[in-house]
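# Predicted model and sequence follow; I will ask about them next.
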Amino acid sequence: MSSTKHITQGGQVFSYMLGMFMQVNKRISFWLVNFYLILLPLIFYLKVPLQEIKNGGLYWWLYFTSAGEKALYRVPPLYDVHFDGQLFRFTSANILKDPYMMYAGDIFLQELWLSFVWASVFVGILAFVIYRFLHRLGQRQAKDDVIGGRTLTEDIKLVRNMLHARREASPITFDGLPLKLNSEVQNMLMHGTPGSGKSNAMNKLLIQLRQRGDMVIVFDKGCSLVKKHYNENIDKLLNPLDERCENWDLWRECLTTPDFDSMANTLIPQSTSEDPFWTGSARTIFTAVSAKLGSDDKRSYNKLLRTLLAIDLKTLRAYVAGTEASNLMEEKVEKTAISIRGVLTNYVKALRYLQGIERNGKEPFAIREWMKTVNEKKARHGWLWITSNARQHESLKPLISMWLAQAANCLLEMGENPERRVWFIYDELASLHKLPELPQVLSEARKFGGCFTLGFQNKPQLDYTYGRDYADAMMDLLNTRFFFRSPDENVAKWVRDQLGQERIKRFSEQYSYGKETVRDGVSFNKQQEDSDLVNYSDVQSLPDLTCYITLPGQYPVVKHAMRYEKIKPVAAEFTARAINDSLDQEIEAEINERLKMGAIPDGVNQVIDSLISGHPIELPVETTPNNTVTDVAQPQPIVQPTPNSTTPKNSQIATGTASSENLTESQGGREVVVDNLRVNTDTGEVLGATTGHEENPQDLYDSYTRMRQEEKEILGDPHANHSSSSQEFEHDDPNWEKWWCWRLHRLPIMRQIIIPMKTIIISSATLKPAGWAKVLNPWD
């Protein structure tokens, strides 16, 4: 049935199309034949004189009819022949033998043939023009009309010719495709997954910038660019772990207190999920101490770090007295000051790698002073390289972010000059701390000659670091964009949206047919709609080195397949500096101690999440720490008193410090006290509280009883049917530990149990895997 239907449909459509085609040809042929019949004599008349037409025509008439004259006439008739205004009379025999008449006959026949040829040529050309016109008219009718939006092309020559025709072609090109003239000051984006071609495009750009002699600041994460473009004779490099690093001077860089504030804002970034009080307070302390050290002739990074991290709070309080940080160091808020100092340690510790940097024998260096040399008339300006590799990046991230932010801010201090060019090439921007001033600099850099090229792997990375609104604001300031492959569906859809749409009138064709031919017909119409330039799958499947390029202005989106730029290395990627000899061991000890204290909250959150959800967490694996500068100090065991002894408030147990010499044996293993809780270190079993606990066991048990009663009143005792819910435990009962661990697992309003929760969590931070299992799954 379906075959018959298809044959019928095909036959009806073909029959209808054939009939319509013949109808069109009939009309065209009618007019062409009429035109030919008019054109042929017209050409003949214009080419041959009238005398030759008459005489030549007479000659050929008599040539074909003279044989019948004898039968028609007794006396041969005479024919008029006009020649040069005279009239002659000849018989047919004389005319056929007369040389002139024979000549006239030849001219007549020859010109008639030529006129036929020319008329045929003209009519043929006319027919071709008519059919061509109708063909294109049909094509245009069947073609979607672009009435707005963008267009997509792979014709590089077409776009290049458009740029040259408008005199907007830049000397900076990418494999034959020039940028729009002066669009570099409107900033560029290079977006794509690793290995898709971003670095190759940057290499092409850097080669041209070196030839132009422009000043360039390059952030090279991975040191893949520095080895191909670094020039040790004129370039500068900032990486405190690289022996080629310049002797960067913080106090030459920051001349005023606002300068230190700007440094602190990048060195200590504000997280999108943290309370701004802590980072803001840490920034205030850093600014106060750094600015005060600026007037000290013996200032150094070692002294700065000792002041911020190593000296006691009382001494630090005296040092910042009279500054905006003094209120944060008041004795009455000492616990808050300790927390602020912990936040400060987490970021300022990166400065410790600058210790001993002055020993390299180089002159003090400041980005501010170096960038001012752009105004000097030089054939070629040097470049500033800020580098890191995968192993170093997390440690250097605060420093790198601070240097890049400082370079961008210095651009705005150089005075307006749209003719100069200062390039900022940021590879893997999303791997840095948030640069708060970057969106503002991007918006104003054009007046100062700043050209920013930002590279990152995907937009969500930027959203995570800067927040979505902040990231969107930055994206709006990047006018020339290179979009390489993005395998993720959501990222590819975002790229598709960034490439834009075209507004078209889409053609549709409908056939109608029936048993009667009067019902046969075809209808055409066009509907306006918006359509994406590319499908997101096209973005996902882009080959390496191929990208979509968008130029500012009314230019098509270009799909460009670039060539690989093979460049020989000219410098080492990284030359290690002997950093351990420059580190202050006292500062390292303080940093390690702070890191140890800062690690406890992570364990707290992990245990709390497990207790709320009722699912055990993955047990930590015991590892042997390495003796490096970043090792976290292990918690020290506490002296275990005898059961009958009392522990004074100021004893080692109360202060939480003791040596490991006084550990006691309990149940086949060593027993330690952690935050007033007795723990067996071999089994991880919590044995109970010490006698030095702030609350005695009976009071603690009474608080549990009251809590259970409140829960019954609120929830109606949901554990009434549980065999263990009515069982009471004494503090010394071994099952007492299981009881309150079970209560913590079952209790919906667990935040009411502050003291037991803290005891479990802090203790579990030092337990072996068996101890974790005991705390999180007490009934196993």
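Now that the structure is in, tell me what you want to look at.

# any idea how far the most centrally placed residue in the chain lies from G222?
Nearest to the mean C-alpha position of the chain, by C-alpha atoms, centre = their mean, lies N458 at 3.5 Å. Distance check for N458 against G222: by C-beta to C-beta, to the nearest Å, it reads 17 Å. C-betas here are computed from N, CA, C, even on glycine.

# now swap in W278 and tell me
From W278 over to G222 the distance is 32 Å, taken as C-beta to C-beta.

# for D249, same thing?
In terms of C-beta to C-beta, D249 sits 27 Å off from G222.

# and what of V570?
17 Å.

# can you check Y353 too?
For Y353 relative to G222 (C-beta to C-beta), the value is 19 Å.

# more crowded one of the two?
Between Y353 and G222, counting by other C-beta atoms under 10 Å, Y353 is the more crowded of the two (22 against 18).

# For V557, give me phi and psi.
Main-chain dihedrals, V557, degrees, to the nearest 10: phi -70, psi 130.

# For it, which residues are in contact?
Contacts for V557 (C-beta atoms under 8 Å, 6 or more residues apart in numbering) come out as 150-153, 499-500, 533, 548-550.

# How about the secondary structure of the closest residue to Y230 other than its chain neighbours?
Distances taken as C-beta to C-beta, 6 or more residues apart in numbering put A571 closest to Y230, at 3.9 Å, once the chain neighbours are dropped. Look at A571: counting by DSSP: H, G, I helix; E, B strand; the rest coil, its state is coil.

# so how many other residues sit close to A571?
Count around A571 with other C-beta under 10 Å applied: 18.

# which ones are touching it?
A571 neighbours (C-beta under 8 Å, 6+ apart): 226-227, 230-232.

# same thing with E416?
So, once contact is read as C-beta under 8 Å, 6+ apart, E416 ends up touching 447-448.

# change it to 10 Å
444, 446-449 (C-beta atoms under 10 Å, 6 or more residues apart in numbering).

# Which parts of this protein belong to which domain?
2-142, 169-246+362-561, 253-354, 594-776 (automatic domain parsing).

# Confidence-wise, which helix or strand of this protein is lowest on average?
helix 652-655 (a mean of 34; mean pLDDT, DSSP states H and E).

# hmm, back to that, turn the domains of the chain into TSV, including distance to L163.
TSV is the format used below for the domains of the chain (distance: least, C-beta to C-beta, whole Å):
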stretch	distance to L163
domain 2-142	28
domain 169-246+362-561	4
domain 253-354	38
domain 594-776	53
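
# and K157, which of those is closest to it?
Checking those against K157 by C-beta to C-beta gives domain 169-246+362-561 as the closest, at 7.8 Å.

# end-to-end on that closest one?
20 Å (C-alpha to C-alpha, to the nearest Å).

# Distance from that domain to the middle of the chain?
Relative to its parent chain, domain 169-246+362-561 has a centroid offset of 8 Å by C-alpha atoms, centre = their mean, to the nearest Å.

# Is M371 in contact with L411, as I believe?
Yes: with contact defined as C-beta atoms under 10 Å, M371 counts as touching L411 (7.1 Å).

# I'd like to know how many residues surround S15.
For S15, using other C-beta under 10 Å, the count is 13.

# again, but for D469
9.

# moving C-terminal of the host helix or strand of it, what's the next helix or strand?
Using DSSP states H and E, D469 sits in helix 468-475. Remark: after helix 468-475, the chain's next helix or strand is strand 480-483, criterion DSSP H and E.

# Mind checking the pLDDT average for that following strand?
For strand 480-483, the mean per-residue pLDDT is 98.

# elements contacting it?
Helices and strands touching strand 480-483, by 3 or more C-beta pairs under 10 Å, 6 or more residues apart in numbering; DSSP states H and E, are strand 169-174, strand 188-191, helix 198-212, strand 450-456, helix 489-499, strand 546-550, strand 557-561.

# let's see it at 7 Å
Packing contacts for strand 480-483, counted by 3 or more C-beta pairs under 7 Å, 6 or more residues apart in numbering; DSSP states H and E, involve strand 188-191, helix 489-499, strand 546-550.

# Brilliant, that's me finished.
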